[in-house]
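K.L.:
Model the structure of this input:
(chains A and B)
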Amino acid sequence: MTPDALAALVSASVTDLIQANKLCLPEGYLVNASVERPKNREHGDYATNVAMTLAKPAHTPPRVIGELLAAELEKSPAVASAVVAGPGFVNITLEAASQGEVASRIVAQGDHYGQGTSQRGRWINIEFISANPTGPIHLGHTRWAAVGDSIARVLRAQGADVTREFYINDRGVQMDRFGESIMNAAHGRPAPEGGYHGSYVKDLAAEIVANDRGVTDLPIDEQLVMFRELGYRLMLEAQQESLTRFGTEFDVWYSERTLHESGAVDRAFEQLRGQGHLYEAGGAIWLRTSDFDDDKDRVLVKADGDLTYFASDTAYYVDKRARGADRCIYLLGADHHGYVNRLRAVAACAGDDPDANIEVLIGQLVKMVKGGEEVRMSKRAGNVITIDDLVDEVGVDAARYSLIRYPVDSPLVLDVDLLLRRSNDNPVYYVQYASARIASVLRNAAELGIDWRTAAFDPALLDHERESDLLGVLGEFPRIVASAAELREPHRVARYLETLATAYHRFYDVCRVLPMGEEPVDGRHVARLWLCAASRQVFVNGLGLLGVSAPERM
RNA sequence: GCCCCCGUAGCUCAGGGGAGAGAGCAGUGGCCUCCGGAGCCAUGCGCGCAGGUUCGAAUCCUGCCGGGGGCACCA
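P.N.:
Numbers count the residues shown, from 1 in each chain, chains lettered A, B, ... in the order given. Have a look, this model is predicted:
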């Protein structure tokens, strides 16, 4: 019996009590019956607090309700015992057979186990990274490359229609500075004021000159355009390659230029003007965001006629909505938190509900430590740590896992020395090792000619305490995925996999799976192989949600 | 000045109202006759402070203290 099924049983039991007039609730009262895994194993396999929540509306002491409910629950053949404890918890112990069924259910569902419908019907646009095409993807972006991608995976697993989008800021004066920086490098001159310095600028210059020999002889205006446009293309391709290598794919790469060329900006202005939120002052055109919780109004068109960056942001939001997204998620760094209110105000100005149609997640910054020293990043000096540096250093799996493992609202310190360690202090290996260990057991079973899939599976044989613990953890997976999706917190999946790894190792330590020596294969071996297969499946599914591999061997 | 995030074990950090608050690391001591020791077991009086809401608060609210980040007709 799954936790959901048990919760439904508790709910049905409460309904039965009401219909039998043993419990009286106000008309239309909605019973919210949930079960949780108690921290303490002595409190049974599952516990429900519903008796305590019903005490007030039913005008009955919680323990009295608990007794009634426990008696009702014990009528079910799946329930071994139900007892009232503490202030009014009902602690439920399942029959081994009922609990063991979880294993066969997981194997049957395969890749689908953990998927759900909690986000079905939502059309979500999730935009992340959106690095300027003037430099490589750096460490700060990389946190979002991992987390954003994983959020998208988790949302999809819960039935949402998700568009992963990367916004390319290919318009504006930084593009000219970028082009000029490359051009200067090609001529052996230093970068201009406010330009770009990294060694990659020299590399771009060299590549462009090699491909287009005559470029340095062109008139300066034409050269600038050439270096800018060719540099842009090369940089964008490099970014895309880096992200592909990192396992992060986008459904849409959206160019700011096309936003303007397609007329999307004009359309957005029209819409906002029609809704009465545009006005002119001091020669500039403003959006009255202060009507909606912004500190002050924002300029869309400067007095000199140029559009602000914010104008693009505004049009871009309106365009996303016009393309059908009913919820736009933005993943931004902590240095952009000042944008939250104005983006929400944009949604409100466009006639949307900021609480429903827009969602801005702010992630704290990432630091990297090596040899006990912080690796300093300075854009000015050009010594940025890139996504490729990180992957070269520790590999995709360790990089992704350690970036996802922590909630994004706390600053993150990546210790490279620790990430390289192949031991327990590096959780990604701990998890992958458990998964690979199972794969090995399943391989050995096949070599011994044990066809556990077709053999009779008796779930009641999984009655060891460690087996019961493991089954309980396996059963939690769907709820973990659902909460990770709802809260946009994929780190919950990573943490869950660590507890699953522990539960598996503990089981494996005391429960022999395969027959020893000439011992004949019996039902217990078969049942444990089902349990192993189920565990392996959850590792595969869970790691898949993180974009981390589940190797057969390590 | 205003805004956002964070204060949990020696260290790095989990804990979206529930029962003596957890994990890894570091330290100490155990566990290999065959399925992967990258493993398992034992050993731990810590929720920054003060109020409040609640049957119940590390979790929600308010104020303070301490740390990090941010305020643009830049991009």
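K.L.:
Now for chain A, the helix or strand with the poorest mean pLDDT.
P.N.:
Using mean pLDDT, DSSP states H and E, strand A:373-374 stands out as the lowest-scoring helix or strand of chain A, at a mean of 73.
K.L.:
what lines up beside it in the sheet?
P.N.:
Its sheet considered, strand A:373-374 pairs with strand A:366-370 (antiparallel) by DSSP bridges.
K.L.:
which intervals of chain A have sub-threshold pLDDT?
P.N.:
Judged by pLDDT under 70, chain A has its weakly predicted residues at A:372, A:376-383, A:422-425.
K.L.:
the domain parsing of it - what is it?
P.N.:
A:3-94, A:423-546 (automatic domain parsing).
K.L.:
most packed of those domains?
P.N.:
domain A:423-546 (a mean of 19; mean count of other CB atoms under 10 Å). C-beta: built from backbone N, CA, C; applies to glycine.
K.L.:
circling back: and for the next helix-or-strand element following the least confident helix or strand of chain A, what are the contacting residues?
P.N.:
Counting by DSSP states H and E, the element after strand A:373-374 in chain order, helix or strand, is helix A:387-394. By CB atoms under 8 Å, 6 or more residues apart in numbering, the list of residues contacting helix A:387-394 from outside reads A:136-139, A:141-142, A:145, A:242-243, A:245-246, A:368, A:399, A:402, A:414, A:416, A:419-420.
K.L.:
Apply 6 Å and report the result again.
P.N.:
A:137, A:142, A:242, A:246, A:399, A:416, A:419-420 (CB atoms under 6 Å, 6 or more residues apart in numbering).
K.L.:
Could you provide these in TSV, with additional columns for neighbour count and secondary structure?
P.N.:
TSV is the format used below for the contacts of helix A:387-394 (neighbours: other CB atoms under 10 Å; DSSP: H, G, I helix; E, B strand; the rest coil):
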residue	neighbour count	secondary structure
A:Ile137	24	coil
A:Thr142	28	helix
A:Ser242	20	helix
A:Phe246	21	coil
A:Ala399	25	helix
A:Val416	19	helix
A:Leu419	22	helix
A:Leu420	13	helix
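K.L.:
I'd like those residues as CSV, with distance to RNA strand B appended.
P.N.:
Formatted as CSV, these follow (distance: CB to the nearest atom of the strand, whole Å):
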residue, distance to RNA strand B
A:Ile137, 16
A:Thr142, 16
A:Ser242, 20
A:Phe246, 21
A:Ala399, 15
A:Val416, 13
A:Leu419, 12
A:Leu420, 11
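K.L.:
any idea which of those residues is closest to A:Thr314?
P.N.:
A:Ile137 (25.6 Å; CB to CB).
K.L.:
Could you check the angle the host helix or strand of A:Tyr232 makes with helix A:387-394?
P.N.:
Per DSSP H and E, A:Tyr232 falls inside helix A:220-245. Counting by axes from the mean of the first three to the mean of the last three CA atoms, to 10 degrees, helix A:220-245 lies at 40 degrees to helix A:387-394.
K.L.:
need the next SSE after helix A:220-245, C-terminal direction.
P.N.:
According to DSSP H and E, the helix or strand after helix A:220-245 is strand A:252-255.
K.L.:
Could you see whether RNA strand B lies near that next one?
P.N.:
No: against RNA strand B, strand A:252-255 shows no contacts by CB under 7 Å from any atom of the strand, the least distance being 13.3 Å.
K.L.:
List the neighbouring strands of that strand plus their orientation.
P.N.:
When DSSP bridges is applied, strand A:252-255 pairs with strand A:161-168 (parallel).
K.L.:
If we ignore the residues flanking it in sequence, what's nearest A:Gly194?
P.N.:
Closest residue to A:Gly194 apart from its sequence neighbours, by CB to CB, 6 or more residues apart in numbering: A:Arg177 at 5.6 Å.
K.L.:
Show me what the helix or strand that contains the one you found packs onto, helices and strands only.
P.N.:
A:Arg177 is part of helix A:173-186, with elements assigned from DSSP H and E. Packing partners of helix A:173-186 (3 or more CB pairs under 6 Å, 6 or more residues apart in numbering; DSSP states H and E): helix A:199-211, helix A:220-245.
K.L.:
Show me the one of these that comes nearest A:Leu17.
P.N.:
Per CB to CB, nearest to A:Leu17 of the helices and strands packed on helix A:173-186: helix A:220-245, 55.5 Å.
K.L.:
Which neighbouring elements make contact with the closest one?
P.N.:
Using 3+ CB pairs under 6 Å, 6+ apart: helix A:220-245 touches helix A:173-186, helix A:199-211.
K.L.:
I'm done for today, thanks for sticking with me.
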